[in-house]
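Engineer: next one to model:
(one chain, ligands or ions: 1)
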Amino acid sequence: MSKKDTLFTAKDGLPFAFDADVSKVFEDMIQRSVPGYGLTLQMITMIAGLYTQDKSKLYDLGCSLGASTLALAHGVKVEGCEIIGVDNSQAMLEKCANNVSQSPVPILLKQDDIQNINIKDASVVVLNFTLQFIAKEERLALLQRIYAGMRQGGVLILSEKVSFSDEFEQDKHIILHESFKKSQGYSELEVSRKRQSLENVLIPESISAHHARLQASGFEQSQTWFQCFNFVSILAYKLEK
Ligand SMILES: C[S@@+](CC[C@H](N)C(=O)[O-])C[C@H]1O[C@@H](n2cnc3c(N)ncnc32)[C@H](O)[C@@H]1O
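Structural biologist: All right, here's what the predicted structure looks like:
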């Protein structure tokens with residue numbers, strides 16, 4: 001278990017970055033900040049078990065400390081697969097290498113922008129709370145490249161913080177999420193500093209915008225399989241032709 005996240009008790013942390021300080025507390029931070037994060041990891045394992053194809057590649061884009069990468073590895077039941085974990089933060093990836101060293105499936109880690117990665121022969125691709133950090137105007141091209149690099153019958157698991165066009169719904173989800181964070185031990189000050197720090201860094205979009213973009217990227221079908229407050233996870237399908 002990582003150190004307790006007390007980053008925002010001491011400083012404003014503007015703007016938020018996945019640097020060495022964050023890497024030391026990230027495991028604790030994401031568990032206490034993202035409602036349902038543990039469930040997304042469990043279901044990544046289950047979904048990988050259902051959709052990983054023989055001798056295919058699995059990609060974890062924005063792999064951080066390797067929790068979602070290992071979740072994929074534990075789901076693979078077929079032979080000859082490789083998992084490629086990508087993150088552009090050196091601090092995160094150094095810790096990740098240590099965390100995934102006992103993986104049951106070979107894992108190749110790459111320090112790069114996920115927008116530079118060549119996706120090939122993939123049966124399962126994961127973007128677990130990563131697309132939200134990519135500039136909005138660059139998201140379509142990334143999803144198009146993911147779709148193009150996937151095998152037919154493959155899936156993309158896309159988990160995101162989302163926003164709501166309805167003001168009432170948006171406000172209430174923010175209240176629920178912030179209440180969740182306080183229930184996890186964060187103070188009012190920490191919650192408000194983190195909110196400011198993520199402004200213009202984490203850019204949420206509506207659930208319908210995500211589905212529309214997935215469709216525009218080529219995915220024939222997509223479904224929201226999980227929602228807790230303003231956090232969702234979507235499964236997008238590249239169907240057999
Ligand atoms: C919220 S974390 C992902 C959590 C992780 N998938 C998990 O389930 O534990 C987002 C990660 O995406 C990485 N990231 C953000 N933008 C990126 C980019 N353009 N290229 C590569 N990695 C990026 C960050 O460094 C960070 O480690």
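Engineer: how close does the residue in the chain that the ligand sits nearest to sit to residue 105?
Structural biologist: Taking Cβ to the nearest ligand atom as the measure, the point where the chain comes nearest the ligand is residue 62, at 2.9 Å. All C-beta spots, glycine's among them, are computed from the backbone N, C-alpha and C. Relative to residue 105, residue 62 is positioned 19 Å away (Cβ to Cβ, to the nearest Å).
Engineer: re the thing from before, so the residue of the chain closest to the ligand sits against residue 130, correct?
Structural biologist: Yes: using Cβ atoms under 8 Å, residue 62 makes contact with residue 130 at a distance of 2.7 Å.
Engineer: identify the contacts common to those two.
Structural biologist: residue 114 (Cβ atoms under 8 Å, 6 or more residues apart in numbering).
Engineer: who in the chain is up against the ligand?
Structural biologist: With Cβ under 6 Å from any ligand atom as the criterion, the chain meets the ligand at residues 18, 30, 62-64, 67-68, 86-89, 92, 113-115, 128-130, 133-134.
Engineer: can you tell me the SS state at residue 132?
Structural biologist: The three-state assignment at residue 132 reads helix, by DSSP: H, G, I helix; E, B strand; the rest coil.
Engineer: any idea of the mean pLDDT in stretch 45-64?
Structural biologist: In this model, stretch 45-64 carries a mean pLDDT of 98.
Engineer: report the distance from that stretch to the chain centre.
Structural biologist: For stretch 45-64, the gap between its own C-alpha mean and the chain's C-alpha mean amounts to 13 Å (Cα atoms, centre = their mean, to the nearest Å).
Engineer: again, but for stretch 229-241
Structural biologist: Centroid displacement of stretch 229-241 relative to its chain, using Cα atoms, centre = their mean, is 13 Å.
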